[in-house]
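1. fold the following.
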Amino acid sequence: MARAAAARPADTPPPLPLLPKRRGIELALLVGAVLISVCGYLVVGLARGHALPGGAVRYGAGLAGLALLAHLAVRFRAPYADPLLLPTAVLLNGIGLVLIFRLDLDTPGDHAAPTQLMWSTVGVGLFIAVVVLLRDHRVLQRYAYVCAALALVLMAAPILFPAINGAKIWIRVGGFSIQPGEFAKVLITVFFAAYLAANRSALAHTGRRMGRLRLPTGRVLGPIVAIWLISVAVLVLERDLGTSLLFFGIFVVLLYVATGRTGWIAVGLILAGVGAAAVGTLEPHVHSRVEDWQHPFAGIAAGRGPGQLAQSLFAFAAGGMLGTGLGQGHSYLIGFAMKSDFILATFGEELGLAGLTALFLLYALLVARGYRAALGLRDPFGSLLAVGLAALPALQVFVIAGGVTGLIPLTGMAMPFLAQGGSSVVTNWIIIALLLRISDRARTPRPDGGGSGSGTASTTGSRSGAGAGSRSGAGAGGSAGGSSRSPARSLVAQDGGNDAGFGARSWVVGFLKPTRSQTPTRSQTPTRSQTPTRSEARARPQERRPAGPAPDSADDAASPEAGR
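-> Okay, here's the model as predicted:
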C-alpha cells in the first residue's frame, strides 16, 4: 500500500469507489412485481368464478418472460441504470392487465386483455431496442428539428380520418387502429429539450424586462413558440383537448426548468386558463364535457339516468377506504369508456382509497426517479429531456385523475400503463427506456477516473474537483497535444466537460451556469518574462473582475441541428 501511494504522483487524486450496479435488486423487485400481478389475476378469478382462472399460467409466464427480457437488456447494455424504473413499470403494466381482465368478465363480447398483452409485448420489444441501440441519449439532440417535423406530421395525420367519440385522434385501417399523438408527445419533448438546452442562456439573460419577468427576444423564442402553436392548433382542430393541454404543460415545464424563472409558471397558468375557457366556450364537443363537469348529476335530475362522470363518482364513493375487493365492484355501469378513460374508477371502487394512494405513490416514484436522473446529469440536454419525459406521466396522471374525480373537465387521455390502449402502452415503454438510458449515463463511472457522471458529492467528491478532473481528462490538458476544441471529439469527451447542475431558484430543477475549471493549463501559466515586476505591479491599478457566473463551457454547446 505504501509503495502504491508513493508511486502515484502527488497531484493525482485517489481512485473513487465505483457505484453499485444494483441489478440484483432490480431482479428481486421484478419478481415481486410479477407475483403481485399474478396474485391479482388469481383473486379476480376466485372472486368471480370461485375457481382459479384458466389462463393464469399463461398470463404469469408471459409477464415474467417480458420482465426477464427487459431485465437482461438493462443488465448487459445499461448496467448502471436506475434499479427502480423497470420494476415500477412492470408492476403498473401488470396491474393494468389485471384490471382489463376483470372488466372483460363483464363484457363477454369484448375481450381486451389478450390484445393489451400483445401490445405490452410490442412495447417491451421497443424498450429493448431503445436500450440496446441507443448507446448515448445525446445523439437525439442532433435530430431536434427532424423530431419536430415528424411530430407535426403524426399529429396532423388523423385529420384525414373520421372522428371517433367526437375526436379525430385515431388512424383506423380495417381492424387496426393507432393513436399517433402518443408517439408525437415523445418527439416534441425531444425537440423542446434540445432547443431550450441550446438557447437557455439567451432565454434567461436577454430580452425585455416586464416587472419581474424577462421576455426573451423573438429571434430566440420564436421557433419553439411557432412549433408549439402549430401543434396546439392541430390538436384543437382534432378536438383533442387532453393532448393539447399535455403539450402546453410540457412546454411551460421545460421553459421554466431551462431558465429558472418562476414567472413562466404564472404566465403558463394564465394562458392555459384563457385557452381552456375559449375552447370550452366555442367548441361544442369540449363544451359538452364542461357542462358535464359543472353538472354531473343533471341527467339524474332530468330522468335520463346517471352519466359517465356520475357513475365514476358513485364508484369512488362505494369503494370507501379499503374497497369492495377485486372483481366485486360495479364500475361496468360506467359504459364504453370503462376500460380506457374511467379505468381509475374501477381501481378506486375495488381497492378503495388505500389502493389509490399506493397507485399514486407508484406513479410518484416513477416521476421522482426520472427527476433524480436529471439531477445527476452534466449535460443540459439530457437533464431537460429527463425532466420532460418524467413530466409526461405526471401531467397525464393529474389530468386523468382530476377528470374522473370531477376536479377538472374530462379530456379523454389514457392512464399510463393502466388503461386499454396499444399506442399508450407502447409509448410509455419507450419513455421508460429513455429514462433508463439517461440514468445509466448519470451513474456510469467516468472513463478518465473522475468518478461517475452524476456529479454529486457522494460519488464524485467535490463539484470543482470533478469538473477539473474531467476537463483535464477530456482533452484540455490531460495529455500532451490533446485539445478539447477538436471537431472530432467524442461524446464521452463532451460529457467530461459538462458541469451544469441544478440550482435552488426552482423547486426541483433550475439550471446554474456550468463552471469552468480554475486550474490553468500549461499554455495559460505566465512565464518569467510575462510576470510583471514589483514596481510595475505597484504602478498598475488593480483590476477587479465582476462577480457573476462563468461563461458556458465549449463542451456544453449544443449541436448545430439543435441550435438552428
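
2. elements contacting the lengthiest helix in the chain?
-> Determined from DSSP state H, the single longest helix within the chain is helix 343-376. Secondary-structure packing of helix 343-376 (3 or more CB pairs under 8 Å, 6 or more residues apart in numbering; DSSP states H and E): helix 85-104, helix 308-319, helix 380-404, helix 422-443. Heads up, the C-betas are built off the backbone N, CA and C, glycines and all.

3. let's see it at 10 Å
-> Judged by 3 or more CB pairs under 10 Å, 6 or more residues apart in numbering; DSSP states H and E, the packing partners of helix 343-376 are helix 23-49, helix 85-104, helix 308-319, helix 380-404, helix 422-443, strand 502-503.

4. need the strands for this protein, in chain order.
-> 171-173, 176-178, 208-210, 213-215, 502-503, 510-511 (DSSP state E).

5. paired strands for the first one, with orientation please.
-> Strand 171-173 pairs in its sheet with strand 176-178 (antiparallel), by DSSP bridges.

6. hmm, who's touching the strand it pairs with?
-> For strand 176-178, the external contacting residues (CB atoms under 10 Å, 6 or more residues apart in numbering) are Leu154, Ala157, Pro158, Phe161, Ile164, Trp170, Ile171, Arg172, Gly421, Gly422, Ser423, Val426.

7. in JSON lines, list those residues along with neighbour count, distance to Phe360 and pLDDT.
-> Compiled in JSON lines, those are given as follows (neighbours: other CB atoms under 10 Å; distance: CB to CB, whole Å; pLDDT from 0 to 100):
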{"residue": "Leu154", "neighbour count": "21", "distance to Phe360": "30", "pLDDT": "87"}
{"residue": "Ala157", "neighbour count": "18", "distance to Phe360": "34", "pLDDT": "82"}
{"residue": "Pro158", "neighbour count": "25", "distance to Phe360": "31", "pLDDT": "80"}
{"residue": "Phe161", "neighbour count": "15", "distance to Phe360": "35", "pLDDT": "74"}
{"residue": "Ile164", "neighbour count": "13", "distance to Phe360": "29", "pLDDT": "69"}
{"residue": "Trp170", "neighbour count": "19", "distance to Phe360": "29", "pLDDT": "73"}
{"residue": "Ile171", "neighbour count": "16", "distance to Phe360": "32", "pLDDT": "80"}
{"residue": "Arg172", "neighbour count": "13", "distance to Phe360": "33", "pLDDT": "76"}
{"residue": "Gly421", "neighbour count": "28", "distance to Phe360": "20", "pLDDT": "85"}
{"residue": "Gly422", "neighbour count": "19", "distance to Phe360": "24", "pLDDT": "86"}
{"residue": "Ser423", "neighbour count": "20", "distance to Phe360": "23", "pLDDT": "89"}
{"residue": "Val426", "neighbour count": "22", "distance to Phe360": "23", "pLDDT": "94"}
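
8. residues contacting the residue lying closest to Leu344 once chain neighbours are set aside?
-> Nearest residue to Leu344, sequence neighbours excluded (CB to CB, 6 or more residues apart in numbering): Val404, at 5.1 Å. Contacts for Val404 (CB under 10 Å, 6+ apart) come out as 308-309, 312-313, 315-316, 334, 337, 341-345, 347-348, 410, 415.

9. do Val252 as well
-> Applying CB under 10 Å, 6+ apart, we find Val252 in contact with Trp228, Trp264, Ile265, Ala266, Val267, Gly268, Leu269, Leu271, Ala272, Ala391.

10. and the gap between it and Phe342?
-> 28 Å (CB to CB, to the nearest Å).

11. separation between Ile188 and Leu152?
-> Remark: distance between Ile188 and Leu152 (CB to CB) = 9 Å.

12. one more: Val425?
-> 24 Å.

13. which intervals of the stretch 151-300 of the chain have sub-threshold pLDDT?
-> 163-167, 175, 204-221, 224, 231-232, 235-236, 238-240, 280 (pLDDT under 70).

14. with adjacent residues omitted, what lies nearest to Leu395?
-> Nearest in space to Leu395, with sequence neighbours left out and distances taken as CB to CB, 6+ apart, is Gly249 at 4.6 Å.

15. do Gly370 as well
-> In space, and not counting its chain neighbours, Gly370 is closest to Ala390: 2.7 Å by CB to CB, 6+ apart.

16. isn't the one you found up against Pro416?
-> No. Ala390 lies out of contact with Pro416 (CB atoms under 10 Å); the separation is 11.5 Å.

17. which neighbours do these two share?
-> Leu366, Ile431.

18. please name the nearest non-neighbouring residue to Ala272.
-> Phe248 (5.9 Å).

19. so that neighbour sits right up against Gly268, yeah?
-> Yes. Using CB under 10 Å, Phe248 makes contact with Gly268 at a distance of 7.2 Å.

20. so those two - more neighbours on which side?
-> Using other CB atoms under 10 Å as the criterion, Phe248 and Gly268 rank with Phe248 on top: 20 against 17.

21. state the distance from that one to Ala315.
-> Phe248 is 30 Å from Ala315, where distance means CB to CB.

22. and Phe161, by the same measure?
-> Distance of Phe161 to Ala315, given as CB to CB: 32 Å.

23. ok, Leu86 next?
-> The value you get for Leu86 to Ala315, if CB to CB is used, is 31 Å.

24. check Gly329 too.
-> In this view, Gly329 and Ala315 are 7 Å apart by CB to CB.

25. what is in contact with those two at once?
-> In contact with both Gly329 and Ala315: Ala345, Thr346, Phe347, Gly348, Glu349, Glu350, using CB under 10 Å, 6+ apart.

26. neighbour-wise, which one of these leads?
-> Phe347 (29 neighbours).

27. wait, that residue sits on Ile100?
-> No. Look at Phe347 against Ile100 with CB under 10 Å: they stay out of range, at 11.3 Å.

28. list residues touching both of these two?
-> Leu418.

29. setting aside sequence neighbours, what's the nearest residue to Gly40?
-> Once flanking residues are discounted, Gly40 sits nearest to Val98: 4.0 Å by CB to CB, 6+ apart.

30. my guess is that neighbour contacts Leu105. True?
-> No. The criterion here is CB under 10 Å, and Val98 misses it with Leu105 at 11.4 Å.

31. residues bridging contact with those two, i.e. touching both?
-> What both Val98 and Leu105 touch, as defined by CB under 10 Å, 6+ apart, is the set Val44, Ala113, Gly327.

32. the second one and Pro53, how far apart?
-> In this structure, Ala113 and Pro53 are 11 Å apart, going by CB to CB.

33. what do you get for the last one?
-> Computed with CB to CB, the distance linking Gly327 and Pro53 is 10 Å.

34. what do the two both touch?
-> Val43, Val44, Gly45, Leu46, Phe101, Leu105.

35. would you turn the contacts of Val252 into JSON lines with distance to Val34?
-> Output for the contacts of Val252, formatted as JSON lines (distance: CB to CB, whole Å):
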{"residue": "Trp228", "distance to Val34": "40"}
{"residue": "Trp264", "distance to Val34": "42"}
{"residue": "Ile265", "distance to Val34": "40"}
{"residue": "Ala266", "distance to Val34": "45"}
{"residue": "Val267", "distance to Val34": "45"}
{"residue": "Gly268", "distance to Val34": "40"}
{"residue": "Leu269", "distance to Val34": "41"}
{"residue": "Leu271", "distance to Val34": "44"}
{"residue": "Ala272", "distance to Val34": "40"}
{"residue": "Ala391", "distance to Val34": "28"}
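
36. of those residues, closest to Arg23?
-> Nearest to Arg23 among the contacts of Val252 is Ala391, at 27.2 Å by CB to CB.

37. contacting residues for the closest one?
-> Per CB under 10 Å, 6+ apart, neighbours of Ala391: Thr189, Leu246, Gly249, Ile250, Val252, Val253, Leu254, Val257, Val367, Gly370, Tyr371.

38. in ChimeraX, select just the buried ones from the residues you listed.
-> Entered in ChimeraX, the line below selects the buried ones among the contacts of Ala391, by 16 or more other CB atoms under 10 Å:
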select :189,246,249,250,252,253,254,257,367,370,371
